[in-house]
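Visitor: structural data only, the sequence is not supplied:
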């Protein structure tokens, strides 16, 4: 007698196989088309992680609970382009791949993955102070002294919870940021840009001091290790550990806490630069650094400074005072947005 065939088991096997094929097809259909949604590597990883969670546990609900997406039907960030209809998970009409229920295209939730080109660029609040660069126009072009200075504004007081020492942090200049010198080309001046990496070689090799107004005894120095300089994608990053016992450092700290000082600068010699035909636009490609400094009067509207200290005053007035200027992170976002806007 031949082997008996279990009809129910066969049907169950067919069903299981069919379900597996259906799940595989759904995964393939949900595969992110990066030609349509050009997301960053971090966003791609976020997308894949959310997809895996949804596949394992099902869609998120709209609540703010453990399984919730913190969804709101009207996005408070709509002006910036952060809305459901721009998200890669939005399936429309009024449906989302990751969140269950009715989804308003003008809503938003914590799971959003929105391509950068769909996010509106914020207008930066960069203080445009009067410049003090020295230059002379001649028939041959524009002449500068060997030592030049460029300065930019912005300050915030922070607390360094790790060291307990006052630490000054910020950017002495911002790369690829266009600013006017001498009122710009319309007023006999010009527009200047410090190219990305212009200070990299000197920052790695030179013995640079941190000064106040480019003079006096050093507050910190690269040779002693109390001053660190880093040329990154944003600009020339400065980190200086101040000595609380140094009267000059105490004066600087007091002035910064009061909001009397909120600019930073760097002094340099230009090693390589280039101009357009009309000498209206200058690009500085390489500099030799002399010093970085806290300053009273700015020239380049793109430097950010902040002071951090664990032993900052805890008086009621100090606690209630609102920090002046912007944080370094905010300045980065604002300046990157401004750079993108100017390139368009």
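Guide: That came in fine, so what should we check first? Quick caveat, the model's predicted, so the values are computed rather than measured. Residues are numbered from 1 along each chain as shown.

Visitor: count the residues that sit near the closest residue in space to residue 64 that isn't next to it in sequence.
Guide: Counting by C-beta to C-beta, 6 or more residues apart in numbering, the nearest residue to residue 64 once its immediate chain neighbours are dropped is residue 70, at 5.0 Å. No exception for glycine: its C-beta is placed from N, CA and C like everyone else's. By other C-beta atoms under 10 Å, the residues close to residue 70 number 14.

Visitor: check which helix or strand covers residue 273.
Guide: strand 263-275 (DSSP states H and E).

Visitor: surely residue 193 touches residue 181?
Guide: No: using C-beta atoms under 8 Å, residue 193 is not in contact with residue 181, being 10.7 Å away.

Visitor: between the two, what contacts are shared?
Guide: residue 282 (C-beta atoms under 8 Å, 6 or more residues apart in numbering).

Visitor: show me the strands in this protein, by range?
Guide: Along the chain, the segments classed as strands by DSSP state E run 136-138, 141-143, 148-153, 155-158, 167-174, 179-181, 190-194, 209-212, 215-221, 227-231, 235-241, 263-275, 281-295, 304-308.

Visitor: distance to residue 98 added to these, as a markdown table?
Guide: Listed next are the strands of the chain as a markdown table, based on distance: least, C-beta to C-beta, whole Å:
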| stretch | distance to residue 98 |
| --- | --- |
| strand 136-138 | 60 |
| strand 141-143 | 56 |
| strand 148-153 | 42 |
| strand 155-158 | 36 |
| strand 167-174 | 37 |
| strand 179-181 | 43 |
| strand 190-194 | 42 |
| strand 209-212 | 49 |
| strand 215-221 | 49 |
| strand 227-231 | 38 |
| strand 235-241 | 37 |
| strand 263-275 | 44 |
| strand 281-295 | 45 |
| strand 304-308 | 37 |
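
Visitor: residue 109: which of these is closest?
Guide: Closest to residue 109 of these is strand 155-158 (C-beta to C-beta; 30.4 Å).

Visitor: name the spans of this protein whose pLDDT lies under the cut-off.
Guide: 1-37, 120-135, 151-161, 297-344 (pLDDT under 70).

Visitor: domain parsing for it?
Guide: 22-118, 136-343 (automatic domain parsing).

Visitor: and these, which is most packed in?
Guide: domain 136-343 (a mean of 18; mean count of other C-beta atoms under 10 Å).

Visitor: so what's residue 250 closest to, chain neighbours aside?
Guide: Spatial nearest neighbour of residue 250, excluding adjacent residues (C-beta to C-beta, 6+ apart): residue 244 at 6.9 Å.

Visitor: need phi/psi at that neighbour.
Guide: When read as degrees, to the nearest 10, the backbone of residue 244 gives phi -60, psi -20.

Visitor: thinking again about what came up before, out of the strands of the chain, the one nearest residue 54 is which?
Guide: It is, among the strands of the chain and with distance given as C-beta to C-beta, strand 155-158, at 38.7 Å.

Visitor: remind me what the strand holding residue 273 packs against, helices and strands.
Guide: Other helices and strands packing on strand 263-275, by 3 or more C-beta pairs under 8 Å, 6 or more residues apart in numbering; DSSP states H and E, are strand 148-153, strand 167-174, strand 281-295, strand 304-308.

Visitor: could you give the angle of that strand to strand 281-295?
Guide: Taking axes from the mean of the first three to the mean of the last three C-alpha atoms, to 10 degrees, strand 263-275 and strand 281-295 form an angle of 160 degrees between their directions.

Visitor: quick one: strand 263-275 to strand 235-241, angle?
Guide: On the basis of the same axes, to 10 degrees, strand 263-275 is oriented at 150 degrees to strand 235-241.

Visitor: strand 263-275 pairs with which strands?
Guide: Looking at strand 263-275 with DSSP bridges, its partner strands are strand 148-153 (antiparallel), strand 281-295 (antiparallel).

Visitor: which among these is found nearest to residue 111?
Guide: strand 148-153 (37.0 Å).
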